[in-house]
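Q: Fold the following and give me the result.
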Amino acid sequence: MTRRLSMPLMCISALALIAADGPPPHKPAIARESSAAVRTVAVKSAPHVKPVRRLARKPARPRPSSPVAGIAMANRAATVVPAAHAYINAAQVYPFSEGAIYQVYAAPERVTDIALQPGEILGAVASGDTVRWVIGDTSSGAGAGKRTHILIKPFAPGLRTNLVVTTDRRTYHLSLISTAGAATASLSWTYPHDALIALKRAAAEAEAAKPVAAGLDIASLRFNYAISGDRPSWRPLRAFDDGRQIFIEFAREVTTVEAPPLFIVDGKGQAQLVNYRMNGRHYIVDRIFDAAELRLGLKDQQVVRITRLDAGAVTLNRKAR
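A: Next comes the predicted model:
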């Protein structure tokens, strides 16, 4: 009897425990991967969108490992070698640059001519090897066109040295190399800096030679103006008018110094700044005045007075200097 009742009692106890703890937790369903093949779709980029261009980094400049290596690196960077396009007939023509080293190829039994600028006066010639190189100088032409020539010739191929030439205008640095083949027949320079200075000088001279104003009738010019007062470097040379305008002429140096402003002085001695324009070394005033002053400075003011002689007496609050 006891055995038959034990199984139901155990089942009842298990059901009671389940009811007390609640139903078992629900396991989530795991989606299975589809067995269908995966398709790859190519997406075209918009036609107006350009790819990003990466900027290439500049290679870092190598640093010299020692002072000697730094000197060698600087010399290599400053060396100008012959170029086929820079020949005029058999003459190699370099544009001169201060501090550059010009390479010259010479050969035994051949003389290389190094021609300086016409009118340039030779100072000294120095070479690192005066035993195996023959170095001399001569000249051609006369007067302003006189030209100095440095003549060099090596005794053997495979030699290297340097040459320094000083003149009254500049210093030339040359690297001499002797070969068993062809040699430079002639070498000279162009001088861009001198050409620029010459252009500026010519432009300044042309500007100075231009008439102060167009359409002036010389017969109508009147020079009846007196200049008095201080004597600064900018003191005008003269003043004149054509009946409509007054022209105040200065020395050429006025373009290189501080120019003074112009004041018209009325009969009561009151000064008023007047409009004028500068053309070269002339002030042009578009009216006729009886008296005016050029003033420059505050504490130690310099004053130059310009008075028209046929004008009526002008009473000034300050005495003329």
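Q: Quick check on the residue nearest to the spatial centre of the chain: phi, psi?
A: Nearest to the geometric centre of the chain sits His193, at 12.2 Å (C-alpha atoms, centre = their mean). Dihedral pair for His193: phi -70, psi -40, per degrees, to the nearest 10.
Q: Let me know the secondary structure of Leu199.
A: Per DSSP: H, G, I helix; E, B strand; the rest coil, the secondary structure class of Leu199 is helix.
Q: Return the distance of it relative to Pro192.
A: Taking C-beta to C-beta, to the nearest Å as the measure, Leu199 falls 11 Å from Pro192. (Each C-beta comes from the backbone N, C-alpha and C, glycine too.)
Q: where does the stretch 101-250 of the chain have low pLDDT?
A: Per-residue confidence for the stretch 101-250 of the chain (pLDDT under 70) gives these ranges: 207-216.
Q: Tell me where it has helices.
A: Ranges of helices within the stretch 101-250 of the chain are 192-209, based on DSSP state H, counting those that start in this stretch.
Q: Looks to me like Ile306 is in a strand.
A: Yes: under three-state DSSP, Ile306 sits within a strand.
Q: so who does it touch?
A: Contacts for Ile306 (C-beta atoms under 8 Å, 6 or more residues apart in numbering) come out as Tyr225, Ala226, Ile227, Pro236, Ala239, Ile248, Ala291, Ala292, Glu293, Leu294.
Q: Now with 10 Å, please.
A: By C-beta atoms under 10 Å, 6 or more residues apart in numbering, the contact list for Ile306 reads 225-229, 236, 238-239, 246, 248, 262, 264-265, 283, 285, 289-294.
Q: Which ones among these map onto strands?
A: 225-229, 238-239, 246, 248, 262, 264-265, 283, 285, 291-294 (DSSP state E).
Q: Just the buried ones among those residues, please.
A: Neighbour counting with 16 or more other C-beta atoms under 10 Å marks 225, 227, 229, 239, 246, 248, 262, 264-265, 283, 285, 291-294 as buried within those.
Q: and the nearest residue to Ser140 once chain neighbours are set aside, how many residues sit next to it?
A: Leaving aside its chain neighbours, Ser140 sits nearest to Arg147 (5.1 Å; criterion: C-beta to C-beta, 6 or more residues apart in numbering). By the criterion of other C-beta atoms under 10 Å, Arg147 has 16 neighbours.
Q: Arg147 against Asp137, yeah?
A: No: in this structure, Arg147 is not within contact of Asp137 by C-beta atoms under 10 Å, at 11.1 Å.
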